[in-house]
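[1] A predicted structure for the sequence below; I have some questions about it.
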Amino acid sequence: MKVEIWSDVVCPWCYIGKRHFELALAQFEARDQVEVVWRSFELDPAHPHDAGGSLPEALAAKYGSTVEQAQAMIDGMSERAARVGLRYDLGEAVPANTLDAHRLIHLAASHGLQDAAEERLFTAYMAEGADVGDRDTLVRLAGEIGLDAGEAAARLESGAFTDAVRADEREAGELGISGVPFFVIDRAYGISGAQPPEQILAGLRHAHEQSWAPAAAAGREDAA
């Protein structure tokens, strides 16, 4: 069974969704048969590099609210994250263009470190005030998860994996994905949003039962 997860590393709901998925997977009877693949999705692909400003200011401008209202929304999100053991400090978050971060995640995937890259980038953005659009920062984070820093720097400079990011985003469009997180199971079942673990678990079980049903039916026919 393959589970593909479209997300962005600056999406607070996506990190919560990751934890919910992990909690569901831990209870899934066939978890050893699950392959997890992270797919790229940019919430704001037009966000300029080195734009500056704070997250409350950026949200206020995006939604036409006051900075105080945006901060209240951030505080509510931080409370939701704390319920699954995540610490958010979004008041210090640096709004960023995430193309290079997604490219780094694809590099990590080629070394079997994709989940580690997702986790480290989420934490860096949500809790540490790190600029995940800055290449020097990305190289540092790459080294922390076991990637070769020199290779990471060279790949980021070369533009490597940009096509892979764009391919993920095209597929999202083809599948009708307009928001993240979005979980796709065996390209047959979709779960939108950071649903509770029990709902994700139900989706995993349903997909597993459906995938086994045709094989079981064929076995009965062969026996007959």
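    Great, that's in hand. Numbers count the residues shown, from 1 in each chain.
[2] what's the weakest-modelled helix or strand in the chain?
    Least confident helix or strand of the chain, by mean pLDDT, DSSP states H and E, is helix 197-223 with a mean of 73.
[3] Quick one: low-confidence residue ranges for the protein.
    For the chain, applying pLDDT under 70 flags the ranges 51-52, 212-224.
[4] Would you state the strands of it in chain order?
    In the chain, the strands defined using DSSP state E lie at 2-7, 35-40, 182-185, 189-192.
[5] Mean neighbour count and distance to Val139 added to these, as CSV?
    (Each C-beta comes from the backbone N, C-alpha and C, glycine too.) Shown next, in CSV, are the strands of the chain (neighbours: other C-beta atoms under 10 Å; distance: least, C-beta to C-beta, whole Å):
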stretch, mean neighbour count, distance to Val139
strand 2-7, 21, 22
strand 35-40, 18, 19
strand 182-185, 22, 29
strand 189-192, 17, 34
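[6] gap between Val3 and Leu104?
    Distance of Val3 to Leu104, computed by C-beta to C-beta, to the nearest Å: 21 Å.
[7] sorry, back to before: may I see the strands of the chain organised as TSV, with distance to Ile74 added?
    Formatted as TSV, these follow (distance: least, C-beta to C-beta, whole Å):
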stretch	distance to Ile74
strand 2-7	19
strand 35-40	24
strand 182-185	23
strand 189-192	22
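[8] Burial check on Ala108, number of neighbours?
    Residues contacting Ala108 under the criterion other C-beta atoms under 10 Å number 25.
[9] Now do the contacts for it.
    Under the criterion of C-beta atoms under 8 Å, 6 or more residues apart in numbering, the neighbours of Ala108 are 114, 116-117, 142, 145, 147.
[10] That one and Phe122: what is the separation?
    To Phe122, Ala108 is 13 Å away according to C-beta to C-beta.
[11] likewise Glu174?
    Look at Glu174 and Phe122: by C-beta to C-beta, they are 26 Å apart.
[12] So between those two, which is more surrounded?
    The neighbour count for Glu174 versus Phe122, taken as other C-beta under 10 Å, is higher for Phe122 (24 against 8).
[13] What's the separation between the more buried one and Glu68?
    26 Å.
[14] Please apply the same query to His47.
    23 Å.
[15] likewise Ala58?
    Distance of Ala58 to Glu68, computed by C-beta to C-beta: 14 Å.
[16] So these two - more neighbours on which side?
    Set Ala58 next to Glu68 and count neighbours by other C-beta under 10 Å: Ala58 wins out with 20 against 10.
[17] How many neighbouring residues does the nearest residue to that one once chain neighbours are set aside have?
    Nearest in space to Ala58, with sequence neighbours left out and distances taken as C-beta to C-beta, 6 or more residues apart in numbering, is Pro95 at 4.4 Å. Around Pro95 there are 23 other residues, counting by other C-beta under 10 Å.
[18] start the count at 44, not 1, going forward
    Shifting the count to begin at 44 puts that one at Pro138.
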